[in-house]
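Q: Sequence plus predicted model, see below.
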Amino acid sequence: MEFRFFHHFGSYLLMLKGMFSRPENMKMYWKEFMLQCVDIGIGSLGIVLIISIFMGGVTTLQISYQLVSPIIPKATIAQVVRDTIILEFAPTLTCIVLAGVVGSKIASELGNMRVSEQIDALEIMGINTKGYLIGPKILASLIMIPCLIAIAGFLGIWGGLEAGELGGILSREEFLQGLRQEFKAYNIFFALFKSFVFAFIISTVPSYYGYNVQGGALEIGKASTTAVVVTCVLILFMDYLLAAILL
């Protein structure tokens, strides 16, 4: 088990190292990068919108259910919703969903190219396949996933506001007052820093499993499943580690 871990970790680092070479055709790389931005960013926008709004609404309802004391002002509900969404739900929950959406797509796409020998054909043509196929995916993820998380945070808070108002829990003025009180800008920095770390994991781990697939269609399915599971575990581990170090 230990040897397998070191084997995979070493191969993963070598894959990352292999990406750093001068692009053969910058126009070709740029086109691939823009395609990945559309795929990863615009392609995942719908699911992020749905998750974020309901996540904010449910958070408001559950916090109001627990804060029943008349001593605690209602604006505190909004304050807790704000910090919970910014610090945890928007970055972590969104990235776990994106690990399934984006991660499985990356792993299956590269796995299919490996099995159908398209990667071998590109290498024979003298193209650095790691740089051409994996590099744009990582760069696109590092740009688009933090943007998606920023949108998720905004919509989560908006969903909480609407749920609070429609459910008669607290008024819009009380919610906005709670949003402003004791706000720490550092929480935004922490959430965005986490989003870059998670974006790197979401793009590189499935790329590794997809790029190194051996076999046929069955192995592609196994590689996609393993990639998503490993990515989710790493996201949760890094979530704990970053919270322990930075908070």
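A: Yep, it's here.
Q: for the most centrally placed residue in the chain, helix, strand, or coil?
A: Nearest to the geometric centre of the chain sits Cys95, at 2.9 Å (CA atoms, centre = their mean). Secondary structure, DSSP: H, G, I helix; E, B strand; the rest coil: Cys95 is helix.
Q: so who does it touch?
A: Listed by CB atoms under 8 Å, 6 or more residues apart in numbering, the contact set of Cys95 reads Ile145, Ile149, Ser195, Phe198, Ala199, Ile202, Ile235. No exception for glycine: its C-beta is placed from N, CA and C like everyone else's.
Q: Most widely separated two among these?
A: Ile149 and Ile235 (12.2 Å; CB to CB).
Q: on that earlier part again, which one of the contacts of Cys95 is nearest Ser108?
A: Ile202 (14.4 Å).
Q: Just name the shakiest helix or strand of the protein by mean pLDDT.
A: Every helix and strand of the chain was ranked by mean pLDDT, DSSP states H and E. The lowest is helix 2-18, at a mean of 80.
Q: Next, the buried residues of the helix or strand following that one.
A: Later in the chain than helix 2-18, the nearest helix or strand by DSSP states H and E is helix 26-37. Neighbour counts over helix 26-37 (16 or more other CB atoms under 10 Å) mark Tyr29, Glu32, Phe33, Gln36, Cys37 as buried.
Q: and the helix or strand following helix 26-37, what does it pack onto?
A: The helix or strand immediately downstream of helix 26-37 is helix 43-66, counting by DSSP H and E. The elements that helix 43-66 packs onto, with contact taken as 3 or more CB pairs under 8 Å, 6 or more residues apart in numbering; DSSP states H and E, are helix 75-84, helix 94-98, helix 135-166.
Q: so of those helices, which one's packed in deepest?
A: Ranked by mean neighbour count, the helices and strands packed on helix 43-66 are led by helix 94-98 with a mean of 23 (mean count of other CB atoms under 10 Å).
Q: Pull that helix out as PDB, backbone CA atoms only.
A: Extracted C-alpha coordinates of helix 94-98, given in PDB (Å, rounded to 0.1, in the frame of the first residue of the first chain):
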ATOM      1  CA  THR A  94     -19.300  23.800  -4.400                       C
ATOM      2  CA  CYS A  95     -15.900  22.200  -5.100                       C
ATOM      3  CA  ILE A  96     -17.100  18.700  -4.000                       C
ATOM      4  CA  VAL A  97     -19.900  19.000  -6.500                       C
ATOM      5  CA  LEU A  98     -17.400  20.300  -9.200                       C
END
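Q: Sounds good, over and out.
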